[in-house]
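S.K.: curious how this folds, go ahead:
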Amino acid sequence: MNVIPVLLIYFLLVNLLGFYAMYTDKLRAKKRAFRVPEATLFAIAVIGGSIGCIAGMYTFRHKTRHWHFVYGMPLILILQIIGIIVLFVMPVEIRLL
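M.R.: Purely as a prediction, here's the structure:
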């Protein structure tokens, strides 16, 4: 089984989740209803949904006045990109005893 398609599907789904979470939180903010916790939004970004969260943030003009979102979400994305580059550049060697 090839792991690349599975990872691509995972990242697509988690980014759609991030986008939807921003949309839902924006709607709830307008209705003054129970909101999506900020920790949940950041958790979705950390597990791979940072692109979806950023896209949702600017599409719905939501959380764009909060500095920890304006700078935090792109920082998470940058760290994820660096992590992916490091994983592809580093040689992997498995030694069995």
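
S.K.: remind me which residues of the chain are low pLDDT?
M.R.: Within the chain, the stretches with pLDDT under 70 are 1, 94, 97.

S.K.: which one's the longest helix in this protein?
M.R.: Longest among the helix segments of the chain by residue count, using DSSP state H, is helix 3-31.

S.K.: distance check, residue 96 against residue 36.
M.R.: Relative to residue 36, residue 96 is positioned 46 Å away (C-beta to C-beta, to the nearest Å). In short, each C-beta sits where N, CA and C put it, glycine included.

S.K.: now stretch 59-66, how far from the centre of its chain.
M.R.: Taking C-alpha atoms, centre = their mean, to the nearest Å, one finds the center of stretch 59-66 at 15 Å from the center of the full chain.

S.K.: higher neighbour count, residue 96 and residue 36?
M.R.: residue 36 (18 against 3; other C-beta atoms under 10 Å).
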